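K.L.:
this is a predicted model, with the sequence first.
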Amino acid sequence: MQHVNIESANLNLMVVLDALLESRSVTRAAEHLGLTQPAVSHALARLRELLRDPLLVRGRGGLVPTPRAQALAAPLRQGLNQLEQVLRHEGGFDPASSARRFSIATVDYPHLTGLRSLLARLQREAPGVSVESQMIGPRLAEQLESGELDVALAGVEVEAILASTPGMQSRLIVSEDLMCIARKDNPLLRRGLDLETYLRLGHVTVMAEGGACDQHVDLSLRRMKKSRRIAAAVPHFIAAPLLVAESDYISTLPRALVEYVCTLLPLKMHTPPLKLPRGEAYLWWHARFDNDPAHRWWREQLMQAFSPYRG
């Protein structure tokens, strides 16, 4: 029995052999493959050497296959057809029947907005799908690249980490005004909130992995050659309103969160007395998973769920 080293069996040679066995002509095989006749002849010579058989010899009607070539014809055609189907088949994802667990790293705030509505919709439309949410950690870029983590939803606090990571993709998912909250009976705000009062009050800021989530406030103040006093730094967005409701502090947070907590706590929303950029957050993932049907579905669900919070 003749043994062929599979590593030396160039796939292009197998495609040429299939075309030759089908057409029984170097000329027609070359035309079909878009190659020159010398290129096909050279490939045939390499095939003969590799398989240690003439494969095709001249006959009265053109090239005729040897018994070895005849034995190869059907399984070769079947194998190439199967390979073509594998390469062309994108694969499908049926959320209604899937039991896949999708993961996201983010801060706590999105759970009060887009994720809350998304989970309610998934319960109806994809009941077997589960969601694992985790805090943003120091291994974020590594987790996204390896697939340990599907996506991250975060703002400026992770931009320095992820924007410089090769292969990282991002898409704007949240863009909203930043507003201030203070307790309703704060004596320092009886006449409203001006810049002098804003700077006099102690501030509650949210710190995530990478830095302050409201760092645009400090950047804007720095351009004005002013600064604020940080009275408390907390790791969670929901903690900031709770502290403000029990103190004379103030906090600058995304509008949707401010509007929501003002319905739950004795808080009042104020317009910041300085010009601030919109609070933006991005959906981050690695390019490895761009075309994965399930991964793409998950990103689309998130983009849809947070569409009310993009301006």
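P.N.:
Great, that's in hand.
K.L.:
run through the stretch 51-200 of the chain and note the low-pLDDT ranges.
P.N.:
85-91 (pLDDT under 70).
K.L.:
strands of that one, residue ranges please.
P.N.:
For the stretch 51-200 of the chain, applying DSSP state E, counting those that start in this stretch gives strands covering 56-59, 62-65, 101-106, 130-134, 151-154, 168-176, 178-183.
K.L.:
can you pull the buried residues of the second one?
P.N.:
Under the neighbour-count criterion of 16 or more other C-beta atoms under 10 Å, strand 62-65 has 63, 65 buried. C-beta coordinates here come from the backbone N, C-alpha and C atoms, glycine included.
K.L.:
that strand: how far from the chain's middle?
P.N.:
Its chain's C-alpha centre and that of strand 62-65 lie 53 Å apart, by C-alpha atoms, centre = their mean, to the nearest Å.
K.L.:
and what of the third one?
P.N.:
Taking C-alpha atoms, centre = their mean, the mean C-alpha location of strand 101-106 is offset from the chain mean by 11 Å.
K.L.:
what are the pairing partners of it, and which direction each?
P.N.:
According to DSSP bridges, strand 101-106 forms sheet pairs with strand 130-134 (parallel), strand 151-154 (parallel).
K.L.:
out of the ones you listed, which comes closest to R52?
P.N.:
With distances scored as C-beta to C-beta, the stretch of these nearest to R52 is strand 151-154 (53.2 Å).
K.L.:
where does L283 fall, secondary structure wise?
P.N.:
Using DSSP states H and E, L283 maps to strand 279-286.
K.L.:
ok, residues contacting the next helix or strand after that strand?
P.N.:
Downstream of strand 279-286, the first helix or strand assigned by DSSP H and E is helix 293-305. If you take C-beta atoms under 8 Å, 6 or more residues apart in numbering as the criterion, helix 293-305 is touched by 90-93, 95, 98, 100, 102, 104, 114-115, 117-118, 121-122, 150-151, 153, 171, 173, 283, 285, 289-290.
K.L.:
go again with 6 Å.
P.N.:
Residues outside helix 293-305 that contact it (C-beta atoms under 6 Å, 6 or more residues apart in numbering): 91, 93, 100, 102, 114, 117-118, 150, 283, 289.
K.L.:
give me the buried entries from those.
P.N.:
Burial by neighbour count, 16+ other C-beta under 10 Å: within these this picks out 102, 114, 118, 150, 283, 289.
K.L.:
next one: the fourth one from L302, what distance?
P.N.:
Using C-beta to C-beta, to the nearest Å, one gets 10 Å for the distance from D150 to L302.
K.L.:
same question for the first one.
P.N.:
Here the distance between F102 and L302 works out to 9 Å (C-beta to C-beta).
K.L.:
wait, what's in contact with the closest residue to G311 other than its chain neighbours?
P.N.:
Nearest residue to G311 in three dimensions, chain neighbours excluded: S175, at 4.9 Å (C-beta to C-beta, 6 or more residues apart in numbering). By C-beta under 6 Å, 6+ apart, the contact set of S175 is 278, 280, 310-311.
K.L.:
tell me the one of these nearest Q70?
P.N.:
R310 (63.5 Å).
K.L.:
the closest one: neighbour count?
P.N.:
Using other C-beta atoms under 10 Å, R310 has 15 neighbouring residues.
K.L.:
tell me the contacts of it?
P.N.:
S175.
K.L.:
cool, E280 as well?
P.N.:
Taking C-beta under 6 Å, 6+ apart as the criterion, E280 is in contact with 155, 175.
K.L.:
L20 is in contact with H32, correct?
P.N.:
No: taking contacts as C-beta atoms under 6 Å, H32 lies outside contact range of L20: 9.7 Å.
K.L.:
for the two, indicate the residue with more neighbours.
P.N.:
Using other C-beta under 10 Å, the more surrounded residue of H32 and L20 is L20, with 26 against 17.
K.L.:
quick one: secondary structure of the more buried one?
P.N.:
Here L20 is recorded as helix under DSSP: H, G, I helix; E, B strand; the rest coil.
K.L.:
okay, the residue nearest to it when sequence neighbours are not counted: pLDDT?
P.N.:
Of all residues beyond its chain neighbours, the one nearest L20 is A29 (4.9 Å), with distances taken as C-beta to C-beta, 6+ apart. A29 carries a pLDDT value of 89.
K.L.:
so how far is L63 from A29?
P.N.:
9 Å.
K.L.:
domain parsing for this structure?
P.N.:
What automatic domain parsing lists as the domains of the chain is 6-88, 101-175+280-309, 178-277.
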